[in-house]
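Colleague: When you get a sec, could you give me coordinates for this:
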Amino acid sequence: MIKKLLLALTVLLLTSCASVTPQDYAAEKPKLDLKEYFNGKVDAWGMIQDRSGKVTKRMYVEMTCTWVGDVGTLDERFTYADGSKETRIWTIRKTGDTYVGTAADVVGEAKGVAAGNTLRWNYVLDAKRDDGGTIHLDMDDWMWLVDEKTLINKTGYSKFGIKFGEVTIFFRKR
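Modeller: Numbering: from 1, shown residues only. Model prediction:
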């Protein structure tokens with residue numbers, strides 16, 4: 001009995017240590033270059049789900065994206081299904097296959113690593129709560145370029161390692 005328990009714990013430990021990285025997608029095409037994709041006008045549609053999978057918000061996002069050298073500005077204008085609006089303006093620096101991003105509600109810097117058709121961001125978001133306060137959430141943000149005009153974005157958000165939900169967004173470049 002103890003041997004079986006130890007074996008199960010060992011397997012659980014080993015599988016919990018393995019995780020997907022952007023390098024797993026290095027051979028995938030088309031290659032994602034944020035400077036290329038997020039340049040000009042981009043439309044996006046998405047949803048926020050709680051930890052049970054229930055959709056809690058739906059949104060449309062209109063983006064205006066510009067670059068000067070290796071520094072980009074992504075101006076995101078969110079309109080939610082309930083009529084509420086939100087703006088987030090990202091400043092992104094490209095440094096080879098990595099990116100660094102800042103925004104007013106991002107604590108410190110977002111760090112992004114690109115490989116193949118994929119980019120993974122990690123950052124802390126100072127997210128608004130329903131009671132008017134804020135909470136720092138750890139964001140694990142993945143992007144996959146499907147074709148030259150279409151990008152899929154899935155972000156898990158957590159606190160103290162506990163998953164609170166996901167954001168899924170589909171982008172379409174004009």
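
Colleague: Would you map the helices across this protein?
Modeller: 2-17, 34-37 (DSSP state H).

Colleague: Where among those is average confidence lowest?
Modeller: Among the helices of the chain, helix 2-17 carries the lowest mean pLDDT, a mean of 53.

Colleague: confidence score at the residue nearest the centre of the chain?
Modeller: In the chain, the residue lying closest to the centroid (C-alpha atoms, centre = their mean) is residue 141, at 2.4 Å. pLDDT, residue 141: 98.

Colleague: What separation do you get for it and residue 112?
Modeller: Note on residue 141: its distance to residue 112, by C-beta to C-beta, to the nearest Å, is 8 Å. (Glycine included, C-beta is placed from N, CA and C.)

Colleague: what does residue 59 give?
Modeller: Taken as C-beta to C-beta, the span from residue 59 to residue 112 is 22 Å.

Colleague: The two - which one has more neighbours?
Modeller: Higher neighbour count among residue 59 and residue 112: residue 112, with 23 against 19, using other C-beta atoms under 10 Å.

Colleague: so what's that one up against?
Modeller: 34, 92, 98, 99, 100, 101, 119, 120, 121, 122 (C-beta atoms under 8 Å, 6 or more residues apart in numbering).

Colleague: bridging residues for the fifth one?
Modeller: Using DSSP bridges, the beta-bridge partners of residue 100 come out as residue 93, residue 111.

Colleague: from what I can see residue 174 touches residue 43, true?
Modeller: Yes - counting by C-beta atoms under 8 Å, residue 174 touches residue 43, with 6.8 Å between them.
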